[in-house]
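*Asks:* Structure of the sequence below:
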Amino acid sequence: MRNHDLVFLKHFSQVIGVLVAITIALILLGRHFNGYKPPEVNKTAEAATVNRIKPAGGVFAGATGAAAQAAAAQAALDAAKGQVAYEGTLDGAVIFGNLCTGCHTAGVAKAPKLVKAEWAARLAQGKDTLHKHAIEGYNGPDGGVMPARGGNPALSDEQVIATVEWMIGQLK
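*Replies:* Next comes the predicted model:
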């Protein structure tokens, strides 16, 4: 090797050595300053994470599974009863304006608009059937879909019935 190659290798090795020393020093300083602080737990973020990763459903098989499914459904109903939608109002206009208008104004999923002609066949079945379909949900043979309680399980039966009655009264 030539002399200038040896000088280059010597200087290059020194630069690498200094960079390694700086890297080690920065790692040690970082561990020192971050090692003494416990991470802060954000309760809202933790609750949101738990809510996001909880199972969306369950697998129920056989007689034991049917009992577990019934218990889960009852627990969901009990939890929903504890939360009263729209402060418990029985004003159909308020509930319609906040929940039902999304489908019944535009006719989404074949939802009848507030027009007598679209409600004629439904009214012929009787109000009890309308109330039942609004409370329990309905998947019609024509492809029409009505989610149970309009998609808000916190609505009480009385609120759903009051809203259906209000809608019938608004037919043009």
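*Asks:* how near is the residue most central in space within the chain to Ala45?
*Replies:* Central residue of the chain (CA atoms, centre = their mean): Arg52, 8.3 Å from the mean position. Taking CB to CB, to the nearest Å as the measure, Arg52 falls 10 Å from Ala45. No exception for glycine: its C-beta is placed from N, CA and C like everyone else's.
*Asks:* for His11, same thing?
*Replies:* Separation of His11 from Ala45 (CB to CB): 51 Å.
*Asks:* Equivalent analysis for Lys116, please.
*Replies:* As judged by CB to CB, Lys116 and Ala45 stand 51 Å apart.
*Asks:* Quick check: which ranges of the chain have low pLDDT?
*Replies:* For the chain, residues meeting the criterion pLDDT under 70 lie at 1, 36-38, 80-82.
*Asks:* those helices in this protein, which residues are they?
*Replies:* 3-34, 43-53, 62-81, 92-95, 101-104, 116-124, 127-136, 157-169 (DSSP state H).
*Asks:* could I get those helices as CSV with distance to Gly143?
*Replies:* Listed next are the helices of the chain as CSV, based on distance: least, CB to CB, whole Å:
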stretch, distance to Gly143
helix 3-34, 59
helix 43-53, 32
helix 62-81, 26
helix 92-95, 25
helix 101-104, 14
helix 116-124, 14
helix 127-136, 15
helix 157-169, 21
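*Asks:* For Ala148, find the nearest of those helices.
*Replies:* helix 127-136 (5.6 Å; CB to CB).
*Asks:* which helices and strands sit right next to that closest one?
*Replies:* Secondary-structure packing of helix 127-136 (3 or more CB pairs under 8 Å, 6 or more residues apart in numbering; DSSP states H and E): helix 116-124, helix 157-169.
*Asks:* want to throw the ones you listed into JSON lines with distance to Gln83 and mean neighbour count?
*Replies:* Formatted as JSON lines, those follow (distance: least, CB to CB, whole Å; neighbours: other CB atoms under 10 Å):
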{"stretch": "helix 116-124", "distance to Gln83": "29", "mean neighbour count": "12"}
{"stretch": "helix 157-169", "distance to Gln83": "12", "mean neighbour count": "18"}
